[in-house]
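Colleague: fold the following.
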Amino acid sequence: MTVANFFLVVIEVLFLGVFIRADTFSKIEELISQWAPVVWLAPDDKYLPLSVEEFLSHVEVAQQPTPLFDTEAQMPYGPGSEQFYLVTRKDLGTLLNDGNSFLHGRNPTTHNIPVYTIVTPCSPNLSFHSSNANRLSDNVRALYDKLEPNPHFHVVYWMFFPYNEGKEICVIGKVPTPIIFGSCLGQRKIFGNHVGDWEHISLSFNGNGYPDAMYVSVHDAGVYYKYDVKSRQFKYINQVTKKGILQRPKFPKETKMQNNHPVVFSAKGSHGLWSAPGNHYFVKVPRLTDENGYGIKWETWRNLKIYFLGTSAIPSWMKYKGKWGNPQSNCFISKKLGFCEVSDGPTGILERSNDFNCSQSVH
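Modeller: Sure, this is the predicted structure:
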């Protein structure tokens, strides 16, 4: 083989490799959009979703409790950023009393609110090691001929809410007390409010034009559903509790669908996602309930910001490891128990454990 022919084959290999990669990514993006969820926000929910970009323009980076610098000018990320908080510039009470403040979010039907979509490809990497250009070309062509019509990957649809409204609990002194026959013998207080709120569902695709499974996140618990091709619904497999011992929600056994889009319901104030409307108990003691229903319809595929892990350039805020909100305050009993009127904000989306893994898609 002449040097000229060798370089022609190398160029052909590079072209085919880029074409395969672009074709695969295009198919993934198409499936992500086709199966993106419909999210029904709860009726009368005062705290709607928001873009991260707008949120960051209203908070500052702080080490508890001292502000350090403006997020627009500088934002810490990577190892060492765990110690920081994103704190509201204005007093929290003032912002909550202002119905137009950023903490109340935006209506996604009138504002183009993004859904941050993280993709984990599971198909083998397209890498070849050969000094023989003809063999390399043959390998790439063979791979292209054998490509699955639909790739293997997992996707997480992340929705951001600037504020999470907690739950009303009865307390006597500083001790939580059950509400007996609808009556509180002490004071009713709302606990678990926090600035910043990330909610998500995940889908697993395993070489088909439909997902094989879905995970719906509800607070510190969640539920796995398997897609049933015949009924075109997701059906209950099992549930998990990722944090805490008191969360024992009873999840709906199947999902509603709109065309190919799974339908989920965001709880009033707290935004936990459920696959059916109605009232759902998720903590037994004290008895806490999520209220869900048909309020504002959010078609998430209207604005998907898609990021392929390991391939896409991600915004610097995704590398931030600190808390997305104000530090906890007004705590009862002990700060370590986290029983506070204002809780810490959540961590970022890349700090969470995966709901699926590539070697075992359906749990």
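Colleague: how far does stretch 223-242 stretch from one end to the other?
Modeller: 11 Å (Cα to Cα, to the nearest Å).
Colleague: oh, that last question was meant for stretch 59-76, not what I typed.
Modeller: First-to-last residue span, stretch 59-76, Cα to Cα: 13 Å.
Colleague: I'd like the next helix or strand past the lowest-mean-pLDDT helix or strand in the chain.
Modeller: Among the helices and strands of the chain, helix 133-146 carries the lowest confidence by mean pLDDT, DSSP states H and E, at a mean of 49. Under the assignment DSSP states H and E, the closest C-terminal helix or strand after helix 133-146 is strand 152-164.
Colleague: same for that following strand, what does it pack against?
Modeller: helix 3-34, helix 52-56, strand 115-121, strand 194-206 (3 or more Cβ pairs under 8 Å, 6 or more residues apart in numbering; DSSP states H and E). C-beta coordinates here come from the backbone N, C-alpha and C atoms, glycine included.
Colleague: and with 6 Å instead?
Modeller: strand 115-121, strand 194-206 (3 or more Cβ pairs under 6 Å, 6 or more residues apart in numbering; DSSP states H and E).
Colleague: and the contacts of the shortest one?
Modeller: I take that to be strand 115-121. 153-159, 300, 304-309 (Cβ atoms under 6 Å, 6 or more residues apart in numbering).
Colleague: what about the strands in the stretch 151-300 of the chain?
Modeller: 152-164, 167-172, 175-176, 187-191, 194-206, 213-218, 221-228, 233-241, 256-258, 261-266, 273-274, 278-283, 288-292, 296-299 (DSSP state E, counting those that start in this stretch).
Colleague: quick one: the ones you listed as a markdown table, columns for mean pLDDT and mean neighbour count too.
Modeller: What follows is the strands of the stretch 151-300 of the chain, written out as a markdown table (pLDDT from 0 to 100; neighbours: other Cβ atoms under 10 Å):
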| stretch | mean pLDDT | mean neighbour count |
| --- | --- | --- |
| strand 152-164 | 97 | 24 |
| strand 167-172 | 77 | 18 |
| strand 175-176 | 68 | 14 |
| strand 187-191 | 78 | 14 |
| strand 194-206 | 96 | 24 |
| strand 213-218 | 95 | 24 |
| strand 221-228 | 94 | 21 |
| strand 233-241 | 91 | 16 |
| strand 256-258 | 94 | 15 |
| strand 261-266 | 97 | 23 |
| strand 273-274 | 94 | 24 |
| strand 278-283 | 81 | 17 |
| strand 288-292 | 87 | 21 |
| strand 296-299 | 98 | 16 |
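Colleague: out of those strands, which is closest to residue 79?
Modeller: strand 194-206 (20.8 Å; Cβ to Cβ).
Colleague: what does that closest one rub up against?
Modeller: Outside strand 194-206, the residues that touch it by Cβ under 6 Å, 6+ apart are 35, 37, 152-161, 163-164, 211-217, 271, 273, 324-326, 343, 345-346, 349, 355-356, 361.
Colleague: where does pLDDT dip in this structure?
Modeller: Filtered on pLDDT under 70, the chain yields the residue ranges 1-22, 64-73, 124-149, 174-181, 243-247, 283-287, 333-338, 360-363.
Colleague: 80 instead?
Modeller: 1-23, 64-74, 123-150, 168-190, 242-249, 281-288, 331-339, 360-363 (pLDDT under 80).
Colleague: contacts only, for the nearest residue in space to residue 328 that is not next to it in sequence.
Modeller: Nearest residue to residue 328 in three dimensions, chain neighbours excluded: residue 340, at 4.4 Å (Cβ to Cβ, 6 or more residues apart in numbering). Neighbour list for residue 340: 328, 330-331 [criterion: Cβ under 6 Å, 6+ apart].
Colleague: neighbour-wise, which one of these leads?
Modeller: Counting neighbours by other Cβ atoms under 10 Å, residue 328 leads the contacts of residue 340 with 21 neighbours.
Colleague: how far does stretch 47-60 sit from its chain's centre?
Modeller: Centroid displacement of stretch 47-60 relative to its chain, using Cα atoms, centre = their mean, to the nearest Å, is 16 Å.
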